[in-house]
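In: Structure of the sequence below:
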Amino acid sequence: MKFRKAFFSALLLAIAISSVYSADRFVPAKCGQKVNIDSLRKDVLKSILDSVGSAENLYVSKFMAVMERGVKPNIYGAFAPQYPLMFNDYVNPAGWTLPVSVKVKNYCDEGKPCRWRKVLLKAWIPGYTDTATVTKLVNPYEEVILSPQFIFDTKALARLTTPRNAKIELRTYVLDADREVLFDSQSDVIKIHPMDVFHNEDVPIENQSMWYGVWVTPNMDSISAIHEQIGKISTNGAVLGDVSNDVTETVKAVYDVLSKKHIKYINNATYVNGGQKIKYPIQVLQKRQAYCLEGVFLFSSILESLGLQPLIVLVPNHAILGWYTNTEKTQMDFLETTMAFMDGVDFETANRAGIEVYNENVKKRAFEKGDAQIIDIDQVRRNGIMPNDY
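Out: Numbers count the residues shown, from 1 in each chain. Coordinates of the predicted model:
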């Protein structure tokens, strides 16, 4: 009630000032200067309205409060564009979802009437995301959690070569008659990591290896440009991507093209800031070097772009390429892709080597024990995981 009296008193004073002075009147000032009353009136009005706004913020703050907030300390660029999918089922014991959550409460004075309030949260990471918003109704004495989802600027993420500190900005408002009344403003320092690094996320992700699928990028220009070269090498007249033809013949054509790209095989992966650095296929073609996993992603990208069904076969300390040879997915074949980056090794030799690696791990029961894994890129896409085509 006191707030309302103060508000209406200020409003009446503003109206009175507005009506007394006209825009073209002047009054004497110090040293013979003259003051424009219209300018003075605007300053007084602004001061009054600012005071009213501050009073309104204090009034709202009395009844609304941010109880807690949860902010993900690390944003991993490889997965950030698809965080809504990655964390779709994740809720921690406190009720948080990621990458940011804010808990607000609608307080009320004991013994006095109280009403629900509509709350708006705005969140953004300057230079990396849009402004994400979420609105909820908060009943008297109720606590609610607001969890906005960002749209990341993939080009900004792709420009990162080392982790960078950034800030998540959070602004919480009460919506009153379509007016936004700010009652909480916070910022949190976070770290954003480059897109070409595979990190284990801060929270457990079921079968995070499936997310290797973001590195399989069939839509990049450098991948589709290889199609014509494959067509010139293929000898069986097969329509590329038609699995009713000899799929292995098409894989051989891909092998023969890539073996002439003078890509150098690198024996060891690079680890930076606790994550595995992985070049995207376009970077492999540009830098002409790859280790085993990067080679598998390059081959998989080309096969997927041709409409085939590539498999990423992860075995202890190594990776090979696999593919289904029929539409029923009952038959597989394999390839040691590193041999495409070695001088004088033909497809048949690399094919036999890939089969040997697979059979050896079957014999060791590595797939049964979980020490080895086959990632079906077709299933990855069905699960919603999309390529990082930036």
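In: Give the buried residues for stretch 286-293.
Out: Within stretch 286-293, the residues that count as buried by 16 or more other Cβ atoms under 10 Å are 289-293. Where C-beta positions appear, they are placed from N, C-alpha and C, glycine not excepted.
In: residues in contact with that stretch?
Out: The contact list for stretch 286-293 (Cβ atoms under 8 Å, 6 or more residues apart in numbering) reads 212, 222, 261-269, 278-279, 284, 298, 318-320, 337-338, 341.
In: Show me how far stretch 194-201 is from its chain's centre.
Out: 11 Å (Cα atoms, centre = their mean, to the nearest Å).
In: now for that stretch, what's the gap between its first and last residues?
Out: Stretch 194-201 has an end-to-end distance of 14 Å (Cα to Cα, to the nearest Å).
In: give me the low-pLDDT residue ranges for the protein?
Out: Applying pLDDT under 70 to the chain flags residues 1-64, 109-112, 233-245.
In: That one - how does it break down into domains?
Out: Per automatic domain parsing, the domain ranges recorded for the chain read 2-20+34-61, 63-197, 207-382.
In: Mind putting those domains into CSV with distance to Asp389?
Out: Output for the domains of the chain, formatted as CSV (distance: least, Cβ to Cβ, whole Å):
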stretch, distance to Asp389
domain 2-20+34-61, 45
domain 63-197, 9
domain 207-382, 4
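In: right, and these - which one's nearest Tyr390?
Out: Taking Cβ to Cβ, domain 63-197 is the member of the domains of the chain nearest to Tyr390, at 4.3 Å.
In: State the distance from the nearest residue in space to His199 that is not next to it in sequence to Ile302.
Out: Distances taken as Cβ to Cβ, 6 or more residues apart in numbering put Gly275 closest to His199, at 3.9 Å, once the chain neighbours are dropped. Here Gly275 is placed at a distance of 26 Å from Ile302 (Cβ to Cβ, to the nearest Å).
In: Can you pick out the residue with more neighbours from these two?
Out: The residue with more neighbours, out of Gly275 and Ile302, is Ile302; 27 against 19, by other Cβ atoms under 10 Å.
In: Please report the distance of the more buried one from Phe183.
Out: Ile302 is 54 Å from Phe183, where distance means Cβ to Cβ.
In: before we move on, what about Pro310?
Out: Using Cβ to Cβ, Pro310 is found at 52 Å from Phe183.
In: Show me which of the two is the more surrounded one.
Out: Using other Cβ under 10 Å, the more surrounded residue of Pro310 and Phe183 is Pro310, with 27 against 22.
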